[in-house]
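1. Next come a sequence and a model predicted from it.
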Amino acid sequence: MASATSAKSSSIITSLNKSPKNPKITSPNNLFFLKTKSPRPLPKKNLAITNNALSSPVLTTRETYAPKEVNNGAGSLRTRPSILVSEKLGEAGLAVLRQFADVECLYDLSPDELCEKIVQFDALIVRSGTKVNRAVFEAAKGQLKVVGRAGVGIDNVDLQAATEFGSLVVNAPTANTIAAAEHGIALLTSMARNVAQADASMKAGKWLRSKYVGVSLVGKTLAVMGFGKVGSEVARRAKGLGMHVIAHDPYAPADRARAVGVELVSFDHAISTADFISIHMPLTQTTKKVFNDTTFSKMKKGVRIVNVARGGVIDEDALVRALDNGVVAQAALDVFTEEPPAKESKLVQHENVTVTPHLGASTKEAQEGVAIEIAEAVTGALRGELSATAVNAPMVSAEVLSELAPYVHLAEKLGRLAVQLVAGGSGIQTIKVSYRSARGQDDLDTRLLRAMITKGIIEPISDMHINLVNADFTAKQKGLRITEERVSVDSSPENPIDSIQVQIPNVESKFESTMSEKGDITIEGKVKDGIPHLTRVGSFGVDVSLEGNIILCRQVDQPGMIGKVGNILADHNVNVNFMSVGRTSKKQKAIMAIGVDEQPEEDALTKIGQVPAVEEFVFLNL
């Protein structure tokens, strides 16, 4: 029997620069990839591993960037870094760049022209119009060390290719916060008073005062869906307009919301009680088309919706139907699933919809701010400084990487499982991670695993890409405190970790059986034959492979339950890849953990819930 003999906790809210084991991050030239071809010979000490399951797929050590005398293609030599700016950037940002590097602004390059010129540059700065795909990195032949995206989204940059060819990708996520919030408020007020429609009517020679009677904002309830940087700024301004503001965000600390005078509530409570809804959610697999026929049907008749976040969070066809049947009285949209939207779009042409062409960040001040932010991020990366906005290539020593590689997937999966189990509107504030190991206190570097757990917790409902470089920073920004505990157990010291346990205290759970005796959501996992397994749910022992997705059922322990649930899934063409049952005692309570390859249809899940012996169940998307 393993026995706990020691435990030590430490918060991750510390500076990575202060860690004695954490070397200074430097520009990602000279990387060696175990599963990819290197563009040129590299030192043996720079090891990396590619893991396609991670969106930040490569973990590596780095060497300092040192400008060398390089032929710039025109026959002359240069000793400073060279930066290509392929789209218009504010002068303040260009000034920052020119203090450190040679800067060339070449706008409107064709894809072929970009590939032809990129080999001359150490860094590339783009906005959303330039596609930095694999062909660009191949053409750079390892010379391109940093790609800077002047803005938040990085959909136009091939992160996998960037990492394979040793290019660090950074973005500028904060400078346009106020501009986006102000635009949200502008759309809110103009929609409420029919400003755009009345303006068009007057310019057409009409005077229709009675047609464009608006609604007042004071005393109305605004639901802010996503209480991050932009959402919280919208909330502040809406409070100033006399509105009652509620918010939904599973990661927002309740005390931070209270400081603004905002109540955190569940998703369903927010949409069902709001007079106005302002959307500030990132576009992820979890949030894609989260506003659909089902969610619109739960809203108050006559609700008004503003979206300055991402177009894909709304099912646009469903919104048109909701507008036509009067459930949604009006909508004001700055973003669309496809941009620009089709000219004949029913949504754009709808008389109760106000639209703008993605102007959220389009103020002079925001554009200058983004320019400075991305310029500082790029020059900092070329100097070899840690970047809080890095979105790929986390750093770890080769020795630690090799040893912990099998546990990386487990750590992320446990984080993803844990966050999906949280219910209610209180928000996650603390995560406790326990590593059970036979290793000594100083013989287990868990920074990589901590980052992967953070990644699993944050990425499902965030547009941030989490890695070892930005995990601590991001957690701190979101008010998330992660503590680590190492528990000594009697197991083989050859394996660095026996098991990983993740606990979330002071929250409600969608699946009550995950709650420990202390009232915490508790799950635990191990690596078996290189594959991550879920081994404990609350007080129930299970054993299910963390591949695909999982259904958890709490049931009365009786014969035939596996067959009943299995037959329902089979009837709906859902393949079961793993199944495990854990119970407290014979014919009492049991937990059935089922691994499935596909996401079951709603009808299949409903039928599982209708099995008489099933007391609760939850579907978890991994």
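-> Arrived safely, thanks for sending.
2. so residue 372 sits in a helix?
-> Yes - looking at residue 372 with DSSP: H, G, I helix; E, B strand; the rest coil, it is inside a helix.
3. average pLDDT for the lengthiest helix in the chain?
-> In the chain, with assignment by DSSP state H, the single longest helix is helix 398-421. Mean per-residue pLDDT for helix 398-421: 86.
4. swap in stretch 303-321?
-> Here the average pLDDT along stretch 303-321 is 96.
5. end to end, how far does that stretch reach?
-> One end of stretch 303-321 to the other measures 14 Å (Cα to Cα, to the nearest Å).
6. Name the residues of that stretch that are buried.
-> Neighbour-count burial for stretch 303-321 flags 303-316, 318-321 (criterion: 16 or more other Cβ atoms under 10 Å). Glycine gets a C-beta too; all of them are placed from N, C-alpha and C.
7. got it, and stretch 186-202?
-> The neighbour-count check on stretch 186-202 (16+ other Cβ under 10 Å) flags 186-198 as buried.
8. pull the CA atoms of the longest helix of the chain into CSV?
-> Taking C-alpha atoms only, helix 398-421 is exported to CSV below (Å, rounded to 0.1, in the frame of the first residue of the first chain):
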residue,chain,number,x,y,z
ALA,A,398,15.9,18.0,-23.0
GLU,A,399,16.3,15.7,-19.9
VAL,A,400,13.0,16.8,-18.3
LEU,A,401,11.2,16.7,-21.7
SER,A,402,12.3,13.1,-22.4
GLU,A,403,11.2,11.9,-19.0
LEU,A,404,7.9,13.7,-18.7
ALA,A,405,6.7,13.4,-22.3
PRO,A,406,4.3,10.5,-21.5
TYR,A,407,2.6,12.5,-18.8
VAL,A,408,2.1,15.7,-20.9
HIS,A,409,-1.0,14.3,-22.5
LEU,A,410,-2.4,13.1,-19.2
ALA,A,411,-1.9,16.5,-17.5
GLU,A,412,-3.8,18.3,-20.3
LYS,A,413,-6.6,15.8,-20.4
LEU,A,414,-7.1,16.0,-16.6
GLY,A,415,-7.3,19.8,-16.9
ARG,A,416,-9.9,19.5,-19.7
LEU,A,417,-12.0,17.0,-17.7
ALA,A,418,-11.9,19.0,-14.5
VAL,A,419,-13.1,22.3,-16.0
GLN,A,420,-16.0,20.6,-17.8
LEU,A,421,-17.2,19.3,-14.5
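9. one step back: the buried residues of stretch 186-202 in helices, which ones?
-> Taking DSSP H, the ones among the buried residues of stretch 186-202 that sit in helices are 186-192, 195-198.
10. Looking at those, which two lie furthest apart in space?
-> 188 and 198 (16.1 Å; Cβ to Cβ).
11. where in the stretch 451-600 of the chain is pLDDT low?
-> Residue ranges of the stretch 451-600 of the chain with pLDDT under 70: 464-465, 467-470, 583-588.
12. all helices of it, in order?
-> For the stretch 451-600 of the chain, the helices defined by DSSP state H, counting those that start in this stretch cover 471-477, 561-571.
13. Quick check: which of these is buried the most?
-> Of those, the one with the most neighbours on average (mean count of other Cβ atoms under 10 Å) is helix 471-477, at a mean of 21.
14. could you say what helices and strands it packs with?
-> helix 447-458 (3 or more Cβ pairs under 8 Å, 6 or more residues apart in numbering; DSSP states H and E).
15. And the helix it packs on, what's buried?
-> 447-458.
16. how about a markdown table for the residues you listed, with distance to residue 495 added?
-> Shown next, in a markdown table, are the buried residues of helix 447-458 (distance: Cβ to Cβ, whole Å):
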| residue | distance to residue 495 |
| --- | --- |
| 447 | 19 |
| 448 | 16 |
| 449 | 14 |
| 450 | 19 |
| 451 | 20 |
| 452 | 18 |
| 453 | 19 |
| 454 | 23 |
| 455 | 23 |
| 456 | 22 |
| 457 | 25 |
| 458 | 28 |
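17. Could you give the number of residues near the closest residue to residue 530 other than its chain neighbours?
-> Using Cβ to Cβ, 6 or more residues apart in numbering and skipping residues adjacent in sequence, the residue nearest residue 530 is residue 406, 5.4 Å away. Burial measure for residue 406: 17 neighbouring residues, criterion other Cβ atoms under 10 Å.
18. these two touch, right, residue 406 and residue 528?
-> No - if you go by Cβ atoms under 8 Å, residue 406 and residue 528 don't touch, sitting 9.7 Å apart.
19. Report pLDDT for the nearest residue to residue 214 once chain neighbours are set aside.
-> Nearest residue to residue 214 in three dimensions, chain neighbours excluded: residue 193, at 3.9 Å (Cβ to Cβ, 6+ apart). Listed pLDDT for residue 193 reads 97.
20. From residue 300, how far out is residue 193?
-> As judged by Cβ to Cβ, to the nearest Å, residue 193 and residue 300 stand 20 Å apart.
21. Check residue 81 too.
-> Taking Cβ to Cβ, one finds residue 81 at 56 Å from residue 300.
22. the more surrounded of the two?
-> Between residue 81 and residue 300, residue 81 has the larger neighbour count (other Cβ under 10 Å), namely 23 against 16.
23. related to what we said a few turns ago, and the longest helix of the chain, what's buried?
-> Neighbour-count burial for helix 398-421 flags 398, 400-401, 403-421 (criterion: 16+ other Cβ under 10 Å).
24. for stretch 140-155, same thing?
-> Applying a neighbour-count criterion of 16+ other Cβ under 10 Å, the buried positions in stretch 140-155 are 140, 142-152, 154.
25. measure that stretch end to end?
-> Across stretch 140-155, the terminal residues are separated by 20 Å (Cα to Cα).
26. Centre of the chain to it, how far?
-> Between the centre of stretch 140-155 and the centre of its chain there are 19 Å (Cα atoms, centre = their mean, to the nearest Å).
27. before we move on, what about stretch 214-221?
-> 33 Å.
28. circling back to that earlier point, could you dump the helices of the stretch 451-600 of the chain to CSV with distance to residue 249?
-> Listed next are the helices of the stretch 451-600 of the chain as CSV, based on distance: least, Cβ to Cβ, whole Å:
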stretch, distance to residue 249
helix 471-477, 13
helix 561-571, 33
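29. Which of the ones you listed sits closest to residue 331?
-> So among the helices of the stretch 451-600 of the chain, helix 471-477 is nearest, using Cβ to Cβ, at 30.2 Å.
30. Fine by me, thanks again.
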